[in-house]
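**Student:** Sequence first, then the predicted structure:
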Amino acid sequence: MKNRQKELAELHQRRLEDGNGPVSAFRADLFRMFRKNRAAALSVLVILLLILAAVFAPVLTPYSYDDMDLGNRLSPPSAAHLLGTDEGGRDILTRLLYGARISLLIGVVPTVVSILIGAALGTIAGWRGGITDTVIMRLADIVLAFPSMLLAMVIMFTLGDGLVNVFLTLALLNWAAVARVVRAETLRLKNTEYIEAARAIGVSGPVMLLRHILPNCLPTLIVLFTLNVPAAILTESSLSFLGMGIQPPSASWGLMVNAGKNYLYSAPWICAAPGLIIMVAVLAFNFLGDGLRDALDPHQKNR
Amino acid sequence: MEQNTLEISHLTVSFPTDRGGFRPVNDVSLTVRKGQIVGLVGESGCGKSMTARAVMGLIRSPGKVTGGQILLEGKDLLALNGKEMRSLRGNELAMVFQDPMTSLNPVVPVGKQVEEAILLHRRVSREEARKRTLEAFRNVGISEAEKRSRSYPHELSGGLRQRVMIAMAMVCCPRLLIADEPTTALDVIMEAQILQLMRQMRDRGTSILFISHNLGVIAQLCDYTCVMYAGRIAEQGDTRELFERPVHPYTRGLLGAVSSLDRKGEELETIRGSVPAPGSLPAGCPFGPRCGLCDETCRGACPEPREISPGHIVRCFHAGEVPV
Amino acid sequence: MSEILLEARHLTREFPAGKGRMVHAVTDVSLQIREGETLALVGESGCGKSTLGRMLIRLLEPTEGEILFRGTEITGLSAREFRPFRRQMQMIFQDPYASLDPRMSVRSIIAEPLKTWNLCRDREAVTERVLELMEATGVSGEMLHRYPHQFSGGQRQRIGIARAIAAEPSLIVCDEPVSALDVSVQNQILNLLKKLQKTRNLTYLFISHDLSVVRHISDRTAVMFLGKICETGDTETVYTRPRHPYTRFLLNAVPRPDPRRRETGGELLAGELPSPVNPPPGCRFHTRCPFATEECRRTDPPLRETDGRLVACHHPV
């Protein structure tokens, strides 16, 4: 017995040294991800830079995002305006920095919310089956059946514009697709032997979903996240274009691309800068997603 | 003397890895005579399937044959280019796999698939191909060949699907048939039927290289047996000789494990430890850490093959020291 | 004779097969498992042995029939009423690769039943118990924080066994526990199962298609064909003097590792397994049976005591 206690103490010690508690284990995963996956590390850097730029926008630029300078409309990049000005004579770099605030939030917040809702409803529908499944999935079908733009307009029209309402609209649009995918994944997992093994042990429904189903849906959820972030950024730009999302003179990248497309030939820089930034952000989220998926894959652990 | 159908000598297959590479097949030599069934038996990961793939020229990249020679009726297979090899496969060389479901196209009727195989290698009319297909089906014991040839793979039972695979392998009268665990996915009754079919084919002159992990199947079917362990042939000999007078400790361990199942109540014989992971073989004799006879010599070097009686070759320093 | 632990009466299970048809996976099966014994369930794939095994521990609900555990009927119980019985019945699965959650460490896997049944007061106690179980099943304690993919098939199966015995059940359904393993490892696992049975007073239902394994490990054997039991009795009796024609064919088909005793092919069963969607009328084996008569085609023979075992055949050999 003495021996056993000693062994246990040693094991415990080793665990502390390995940092193998749940929280530090996750940290170790992330660390390994950065070390092994250059693209993921770079993408985190890019995303951090974008966030910093958004936060410190007022410090980084002498202009304000809604400073109209009608004498200086559509001027090409110059020393005074590094990325030129738009049709209202506003500095594009400034608007990009401020736009990052809204666009990043719009990319991430509603996507996370929709994934949370979709994952919860999808696993429950898949696991419970029967009437629960029918109700949830028919609801999802209704959401998916409407043209998404039309539905977004209806919701925005009802709620009125504003940032929070854009969040809500995007979350309400996107959960259904997530729920569908997660339900399919749950149905697949439900037939695996290890889920059956857990049932044989007597694991109850909620625990099963949290301990077995959701963690095994994680790779799928991460892929959905990386696909939905850019989609949300773009949907917002369409809404803004229709005058229902972010209202000018507020800046968002999508809004800027839309505004610039009338001047595509005369002043291509108006579109180019926000377009490029959207691409960079989307790529960064994709690489981050890939890196996360690998980092959380147990097959990569203890190598 | 009759010509040998297949002669493999010192065949080595290597895979590069982060840690310098490993050899799933290492210095393997064996011969299949005309009209003979040679068994290749071993546990998962021992390299038996890889040996078969090497003969077929189907080693997947980054794996490569890095040494040795494979002769099919005197023709050096390793010297052939991709195109020549392709025209050989399905023609002079045929293979049957463990899982017929994955080797058959699920959306094409099975008869059609066999016809295609004929048309690929023989200049015959579609009609003639159809005739030969039905004949091949009858030869492998598929009743109602007409009807069955129009079925899709999923409509057939596992045993029938395997028969279709064998029919497809046999339509061009190959010199050598390689059967890679063809009965593992089947029930004992189906298995017995397929083994019977293999015997009939041998009696018609087909040479067969038969791969299995089941010693019972090997004992019932094969004329000559090679026992593989960790990429090498540990022991090979006439099946009767090998089963009655095994000398390699691994062969003895396997046979002991199987035969002790018949003795009720006793503790079953086992081989301690487990098969080493590919790429992390112990130094010296690969079986050393699991072997009761292992000593300094065994840890120092890998034993070379020795012929202890005609046709009975074993890789063990201590072969013959302990009586059977 | 020891007491009856589990009894099944007239169990039937059907699955919808589309177009309103039914797969008759298990039809009217009755059997008893006694405390401390190993009952083997053998038959070809698709004969319903896995379905039956899962029904007995209520991982699948029977369409008809009842199951008694130590004399209490458990078929009609609600999930809540059934919970105390759940702990008594565990399962070991065929595929050691698929039956362990790839995202859980060995510790979490073996600890799951302990947590589910609140068997340990704190984390330390759980770890200690997990280490004990690992020792009992021959998995090194150093592997505590490893993940399933880092183990060999045999090691994984040991982990699966540790998980099954963690909650101290009385009945374990072993569904082909060694058929995915290599020969040299298979015997290690069988020895382990026997040792655990002795030390922990376990009762096994051992499902397998490998008749040589079954003969070694089981006390009694039930042979299934197409959803029905065709012969059942003491393993030695059934193996040495099979009376049902199907049992005879099954035993004859087993390839023996002895080149001197080669099958001549005389007693091979021809033909294909009939479809369980549309089982033949009368005796289900009659379409393949060389001894079938008009009676076999008309009426289904019940299990009858014949020569010290039960046989469902009009003309036992």
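**Tutor:** Perfect, thanks for sending it. Numbering: from 1, shown residues only, chains lettered A, B, ... in the order given.
**Student:** what about the helices in chain C?
**Tutor:** Assigned by DSSP state H, chain C shows helices spanning C:49-56, C:79-86, C:106-116, C:123-137, C:153-166, C:183-200, C:211-217, C:235-240, C:245-253, C:294-298.
**Student:** Give me the phi and psi for the residue of the stretch 1-150 of chain C found nearest chain B.
**Tutor:** Nearest residue of the stretch 1-150 of chain C to chain B: residue C:44, at 4.0 Å (C-beta to the nearest C-beta). All C-beta atoms are positioned from the backbone trio N, CA, C, and that covers glycine. Main-chain dihedrals, residue C:44, degrees, to the nearest 10: phi -70, psi 160.
**Student:** Can you check the pLDDT for it?
**Tutor:** Per-residue confidence (pLDDT) for residue C:44: 84.
**Student:** right, and residue C:134 touches residue C:144 too?
**Tutor:** Yes - at 7.4 Å, residue C:134 counts as touching residue C:144 under the criterion of C-beta atoms under 8 Å.
**Student:** Mutual contacts of these two, please.
**Tutor:** residue C:106 (C-beta atoms under 8 Å, 6 or more residues apart in numbering or on different chains).
**Student:** what's the neighbour count on residue 189?
**Tutor:** Defaulting to chain A. The number of residues packed around residue A:189, counting by other C-beta atoms under 10 Å in any protein chain shown, is 20.
**Student:** looking at chain B here, not the other one
**Tutor:** By other C-beta under 10 Å, the residues close to residue B:189 number 22.
**Student:** Equivalent analysis for residue C:7, please.
**Tutor:** By other C-beta under 10 Å, 18 other residues sit near residue C:7.
**Student:** correct me, but it touches residue C:68?
**Tutor:** Yes - using C-beta under 8 Å, residue C:7 makes contact with residue C:68 at a distance of 4.5 Å.
**Student:** how about the most centrally placed residue in chain C, what does it touch?
**Tutor:** Residue closest to the mean C-alpha point of chain C, counted by C-alpha atoms, centre = their mean, is residue C:207 at 2.4 Å. Neighbour list for residue C:207: C:40-42, C:49-50, C:53, C:173-176 [criterion: C-beta under 8 Å, 6+ apart].
**Student:** cool, residue A:269 as well?
**Tutor:** By C-beta under 8 Å, 6+ apart, residue A:269 lies in contact with A:76-77, A:83-84, A:92.
**Student:** now swap in residue C:187 and tell me
**Tutor:** B:257, B:260-261, B:268-270.
**Student:** Can you tell me the closest non-neighbouring residue to residue C:103?
**Tutor:** Nearest residue to residue C:103, sequence neighbours excluded (C-beta to C-beta, 6 or more residues apart in numbering or on different chains): residue A:215, at 4.7 Å.
**Student:** Any idea how far whichever helix or strand the one you found is part of is from the middle of the chain?
**Tutor:** Remark: residue A:215 resides in helix A:214-241, with elements defined by DSSP states H and E. Relative to its chain's centre, helix A:214-241 lies at 5 Å (C-alpha atoms, centre = their mean, to the nearest Å).
**Student:** and if you look at stretch A:252-259?
**Tutor:** Centroid displacement of stretch A:252-259 relative to its chain, using C-alpha atoms, centre = their mean, is 19 Å.
**Student:** ok, residues contacting that stretch?
**Tutor:** Under the contact criterion C-beta under 8 Å, 6+ apart, stretch A:252-259 has outside partners A:86-87, A:92, A:95-96, A:99-100, A:102-103, A:106, A:233-234, A:236-238, A:240-241, A:245-246, A:248, A:270-271, A:273-275, A:277-278, A:281.
**Student:** So which residues of the stretch 1-150 of chain A form helices?
**Tutor:** Using DSSP state H, counting those that start in this stretch, the helices of the stretch 1-150 of chain A run over A:2-18, A:22-36, A:38-55, A:57-60, A:92-128, A:130-145, A:148-159.
**Student:** Please point out which parts of the last one sit buried.
**Tutor:** So that's helix A:148-159. Buried residues in helix A:148-159, counted by 16 or more other C-beta atoms under 10 Å in any protein chain shown: A:148, A:151-153, A:155-156.
**Student:** could I get the helices of chain C as a markdown table with mean pLDDT?
**Tutor:** Shown next, in a markdown table, are the helices of chain C (pLDDT from 0 to 100):
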| stretch | mean pLDDT |
| --- | --- |
| helix C:49-56 | 92 |
| helix C:79-86 | 89 |
| helix C:106-116 | 92 |
| helix C:123-137 | 91 |
| helix C:153-166 | 92 |
| helix C:183-200 | 90 |
| helix C:211-217 | 87 |
| helix C:235-240 | 90 |
| helix C:245-253 | 87 |
| helix C:294-298 | 86 |
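**Student:** Can you give the domain ranges for chain B?
**Tutor:** Under the assignment automatic domain parsing, the domains of chain B span B:4-92+B:174-314, B:104-173.
**Student:** Which among these is found nearest to residue C:113?
**Tutor:** Evaluated over the domains of chain B, closeness to residue C:113 peaks at domain B:4-92+B:174-314, with 25.8 Å, by C-beta to C-beta.
**Student:** Do that closest one and chain A come into contact?
**Tutor:** No - using C-beta under 8 Å from any C-beta of the partner chain, domain B:4-92+B:174-314 stays clear of chain A, with a minimum separation of 9.8 Å.
**Student:** still on that earlier bit, ok, which of the domains of chain B comes nearest residue C:305?
**Tutor:** Nearest to residue C:305 among these is domain B:4-92+B:174-314 (24.0 Å), distances taken as C-beta to C-beta.
**Student:** Around chain B, which positions in the stretch 201-317 of chain C sit nearby?
**Tutor:** Residues of the stretch 201-317 of chain C lying near chain B (C-beta under 8 Å from any C-beta): C:209, C:211-213, C:215-216, C:236, C:249-250, C:252-260, C:262-263, C:265, C:268-270, C:272-273.
**Student:** ok, back up a step: per-residue confidence for the residue nearest to residue C:103?
**Tutor:** 89.
**Student:** Relative to chain A, how far out is the residue found closest to residue C:186 once you drop the neighbours it is linked to in the chain?
**Tutor:** Excluding its sequence neighbours, the residue lying closest to residue C:186 (C-beta to C-beta, 6+ apart) is residue C:178, at 4.3 Å. Distance of residue C:178 to chain A, computed by C-beta to the nearest C-beta, to the nearest Å: 15 Å.
**Student:** since we're on residue C:178, how many residues are nearby?
**Tutor:** A count of nearby residues for residue C:178, using other C-beta under 10 Å, gives 26.
**Student:** now residue A:65, nearest residue through space, not along the chain?
**Tutor:** Once flanking residues are discounted, residue A:65 sits nearest to residue A:98: 4.0 Å by C-beta to C-beta, 6+ apart.
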